[in-house]
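Visitor: the sequence isn't on hand, but the structure is:
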Ligand SMILES: [Zn+2]
């Protein structure tokens, strides 16, 4: 085991180069204004071939919206000595979210910069860190003299950030995973790597459209300001939801439900027009004990109040409800083996728990496939100046390599 950790350690520089080069290639879903993951996938496939992986498959999900017409998913297999044992999977995603407000970045989000132990750039942590760690952990095991008994499998998927339809859900629908497989999704974690996520919150997303009446800015008497009405709604809905659904559950971090108004779409292009329409989005992560339909009823009730007060009309579109699937049992083989790997490599005892989530793991759990979520990170996903700690990436790769051997 010591040797294996050393083998991973020796790959540190190569890992930094891989992650840096990969993150220069954006991989943004068409839903978020990007052209998909094809270019990044080609880079990864080329690297895998150079590293000596000879069992690499590309599984493409048709999607007419992107150039080339498909969304790539990469499956890597390192055969084990006992092929009767269920395989151990590490599932990571190659797609990223856009950089957001560019002015908040201190470095170019698409040209990663290394400062001491930190590499800064969009997607370096989410999910570049673990994607890289899993590939190099697999390489260390593949090149080691003792090898491993199980098949080691990596799934490097598309489309995780906007629903996984062309990514992990597509692979699951193709029957790639068995119910006895050990599945690790390293896509959320904590700074000390002591949390193993086995359950997620329910997820509610919606688009809120406020309809008013457009008018010249000097004549509010002739119009209804949709932006103003929407702002009143935003302020009230946040208060109301957090007050109404204040239930706490210590299994989760944070231990309460969250209800956030997030993306704001542009309204009028000029300063001297009162907007007649305003659009924003909400993202709610709700404890499994709370009924999402109930939450939706509260949202509609508050909308009615605002309509009455302002004369605007509020409607909802793209309401996406994801009820939290059943938790992965805390004594399932993936949780047990991961705990053992962490104990062996770091001497730590990791605890199963729940998070706000929305990772690939929920797709597995929905189909009754037990999956665990774990990694070591500073929780910077989707933030400006996102960084990956190199020590976390290399340290996690050592744990993954150990997991492959169990
Ligand atoms: Zn992610």
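Guide: Structure received. On a predicted model such as this, the values are computed, not experimentally measured, just so you know. Numbers count the residues shown, from 1 in each chain.
Visitor: which residues does residue 91 contact?
Guide: Contacts for residue 91 (Cβ atoms under 8 Å, 6 or more residues apart in numbering) come out as 154, 155, 157, 168, 183, 184, 185, 360, 371. Backbone N, C-alpha and C define where each C-beta goes, glycine included.
Visitor: rerun that using 6 Å as the cut-off
Guide: With contact set as Cβ atoms under 6 Å, 6 or more residues apart in numbering, residue 91 has these partners: 155, 185, 360.
Visitor: out of the residues you listed, who's nearest residue 399?
Guide: residue 185 (14.2 Å; Cβ to Cβ).
Visitor: show me what residue 215 is bridged to.
Guide: Listed beta-bridge partners, residue 215: residue 274 (assigned using DSSP bridges).
Visitor: give me the distance between it and the ion.
Guide: The spacing between residue 215 and the ion, counted by Cβ to the ion, to the nearest Å, is 43 Å.
Visitor: pLDDT-wise, what's the bottom of the contacts of residue 91?
Guide: For those, the least confidently modelled position is residue 360, at 82, judged by pLDDT.
Visitor: these two touch, right, that one and residue 185?
Guide: Yes. With contact defined as Cβ atoms under 6 Å, residue 360 reaches residue 185; the gap is 4.9 Å.
Visitor: excluding chain neighbours, what is closest to the residue nearest the centre of the chain?
Guide: Central residue check for the chain by Cα atoms, centre = their mean: the C-alpha nearest the mean position is that of residue 359, 4.9 Å away. Taking Cβ to Cβ, 6 or more residues apart in numbering, and ignoring the residues beside it in sequence, residue 359 has residue 187 as its nearest neighbour in space, at 4.4 Å.
Visitor: would you confirm that that neighbour belongs to a helix?
Guide: No. Read with DSSP: H, G, I helix; E, B strand; the rest coil, residue 187 is coil and lies in no helix.
Visitor: buried residues, the helix or strand containing residue 295. List them.
Guide: For residue 295, the enclosing helix or strand under DSSP states H and E is helix 292-310. Under the neighbour-count criterion of 16 or more other Cβ atoms under 10 Å, helix 292-310 has 292, 295, 296, 298, 299, 302, 303, 306, 307, 310 buried.
Visitor: on that earlier part again, how about the contacts of residue 91 in JSON lines, adding distance to residue 200 and neighbour count?
Guide: Supplementary listing: these in JSON lines, determined by distance: Cβ to Cβ, whole Å; neighbours: other Cβ atoms under 10 Å:
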{"residue": "155", "distance to residue 200": "19", "neighbour count": "24"}
{"residue": "185", "distance to residue 200": "11", "neighbour count": "28"}
{"residue": "360", "distance to residue 200": "11", "neighbour count": "26"}
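Visitor: export those residues to JSON lines and tack on distance to residue 367?
Guide: Formatted as JSON lines, the contacts of residue 91 follow (distance: Cβ to Cβ, whole Å):
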{"residue": "155", "distance to residue 367": "14"}
{"residue": "185", "distance to residue 367": "14"}
{"residue": "360", "distance to residue 367": "12"}
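Visitor: among those residues, which are in reach of the ion?
Guide: Restricting those to those within reach of the ion (Cβ under 5 Å from the ion) leaves nothing.
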